[in-house]
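Q: my questions are about this predicted structure, shown below with the sequence.
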Amino acid sequence: MFEDRSYKRTFYSAPQSVESLIAAFLEPGIIVLTFLLVNGHFDEPVMRPTLTLCLLIFALTFPGRNRFNEHPASAIVDVVSSWLVLLGILLLCGYATNSLYYFENEVLLWWGIITPVAQMAAIMIGRRIQQWRARDPSARRTAVIVGAGPLGHKVARALRDSEGVICLGYFDDRSPDRLHPEAGASILGPLARLSEFVRDKGVREVYITLPLGSQPRIVELLEQVQGTTASLFFVPDVFGISIIQGRLQDINGVPVVGICETPFTGTNQLVKRISDVVLSSLILILISPILLALAIGVKLSSPGPVIFKQRRNGVNGEEIIVYKFRSMRTQDNGAVVKQATKGDSRITPFGAFIRRTSLDELPQFINVLQGRMSIVGPRPHAVAHNEEYRKLIKAYMVRHKVKPGITGWAQVNGLRGETDTIDKMVARVEYDLEYLRNWSLALDLQIILRTVRLVVFDRHAY
């Protein structure tokens, strides 16, 4: 469902590194810059609280999301929703630390209005520059593909969808019956003519898509083409593998292609953990009266403990304990686990209410503080379900490359509640993997905002 798109994003992103770098700094840079400009406009001094707020903003928004290629309407909705969530987080921080009085109300108001406008203007300008560059033949890179099979055709389609690249055609020695049907008309010649064509036409990029069994031919081609100035890209045939954060790494001088890796390494890991600790701490402080009221309600609804401890698989498949308010009279937590269904007789009336509103999940913010879970991530399934589905669903256990979440990308896309068919579970896993491929702090904030809306209006959980 998502493999082709992720393959294009991960393995064909190298020529767009400058654009990615600009996008990473654009959002945090604009937010900080507009705050400083508004602050200066009202003649407010730049004091320690001002610098602290700028550092907090940068930490929460870096790296920014690349929205230059998104549909304008989608980009606008994403910018506004992410900005509102970020403002909410900052206001909660200010309220919890009693530091709002350091800033003038007029500064905060105008900053809140101007920032999304400035972000959208920057996105539109970036899109215009991309379109202008795409129309300028001198700014577009020419590319050829070695190998006209199914993989070569996939690369050609990916390049056609990229800005600033012209795919001239294919080089291949094989008979027409072994080529992709749509590639036959674009054959430029046999492999022997590749280096000559690249030199004569000034080709900028060469993508080698030959199967691994053709290693001697690949080595020979590399030796020929390295006599030109073209950039060389070897495209491994890894379709059928769910690629997560695919990128080239260096291990003491040895190049290694990462195919399945957690997105939370280095700076991303620090940003994810800081946002989890800050948000979960603030939320627990604010909802503490609600937690007390729910605990009393659970205790009065039926005999048994207030908190139900579930065994779940966490990051790297390690077993963890997850907290929930008890919503059933009996609990299954062993080798056989029956999912709750609509009208389940085990669920108490009060339990039905807290399940429908997702209030039973609130104790999991404690799990987040403990480091067992994250606010946003793939929802944890029962250990028994993991053992069942890992045998039935391709790449099922890849979702355990990260900490499980209180809410996730699958839940805000209609896959909340019971997964009573294998197709529903397959769809949930696909959304989880899509989240891992595209993680950003902005995406986390968007999921949190959509979750709040679902809790109020959705009726699919029980």
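A: Sure thing, it's come through.
Q: can you list the low-confidence ranges for the chain?
A: 1-20, 69, 133-139, 162-164, 212-215, 226, 237-259, 330-345, 417-420, 456-462 (pLDDT under 70).
Q: for it, which helix is longest?
A: Longest helix in the chain by number of residues (criterion: DSSP state H): helix 267-301.
Q: chain center to that helix, what's the gap?
A: 23 Å (CA atoms, centre = their mean, to the nearest Å).
Q: quick one: which helix or strand includes Q310?
A: strand 307-313 (DSSP states H and E).
Q: direction included, what does the helix or strand following that strand pair up with?
A: Towards the C-terminus, the helix or strand next in line after strand 307-313, according to DSSP H and E, is strand 319-325. Its sheet considered, strand 319-325 pairs with strand 307-313 (antiparallel) by DSSP bridges.
Q: still on that earlier bit, export the strand holding Q310 as CSV, just CAs?
A: Output of strand 307-313 as CSV, limited to C-alpha atoms (Å, rounded to 0.1, in the frame of the first residue of the first chain):
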residue,chain,number,x,y,z
ILE,A,307,-5.8,0.2,37.8
PHE,A,308,-5.5,-2.7,35.4
LYS,A,309,-2.0,-3.6,34.5
GLN,A,310,-1.6,-5.1,31.0
ARG,A,311,1.3,-7.0,29.6
ARG,A,312,2.3,-5.5,26.3
ASN,A,313,5.3,-5.5,24.0
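Q: ok, and what's touching it?
A: Residues outside strand 307-313 that contact it (CB atoms under 8 Å, 6 or more residues apart in numbering): 319-328, 331, 333, 363, 380-383, 386, 400, 404. C-beta: built from backbone N, CA, C; applies to glycine.
Q: give me the buried positions along it.
A: By neighbour count with 16 or more other CB atoms under 10 Å, strand 307-313 contains the buried residues F308, Q310, R312, N313.
Q: got the angle between it and helix 267-301?
A: Angle between the axes of strand 307-313 and helix 267-301 is 140 degrees (criterion: axes from the mean of the first three to the mean of the last three CA atoms, to 10 degrees).
Q: mind putting the buried residues of strand 307-313 into a markdown table with distance to R193?
A: Putting the buried residues of strand 307-313 into a markdown table (distance: CB to CB, whole Å) gives the following:
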| residue | distance to R193 |
| --- | --- |
| F308 | 69 |
| Q310 | 63 |
| R312 | 58 |
| N313 | 54 |
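Q: relative to A156, which of the residues you listed is nearest.
A: Nearest to A156 among those, counting by CB to CB, is N313 at 40.2 Å.
Q: the closest one pairs with what?
A: Beta-bridge partners for N313, by DSSP bridges, are E319.
Q: contacts for stretch 103-121?
A: So stretch 103-121 is contacted by 27, 30-31, 34-35, 38-39, 41-42, 44, 49-50, 53, 75-76, 79-80, 83, 87, 94 (CB under 8 Å, 6+ apart).
Q: rewinding a little: can you turn the buried part of the contacts of strand 307-313 into a PyMOL selection?
A: In PyMOL, a selection of the buried entries from the contacts of strand 307-313 looks like this (16+ other CB under 10 Å):
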select buried, resi 320+322+323+324+325+326+327+328+331+363+380+381+382+383+386+400+404
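Q: doesn't T142 belong to a helix?
A: No. If the criterion is DSSP: H, G, I helix; E, B strand; the rest coil, then T142 is strand and not within a helix.
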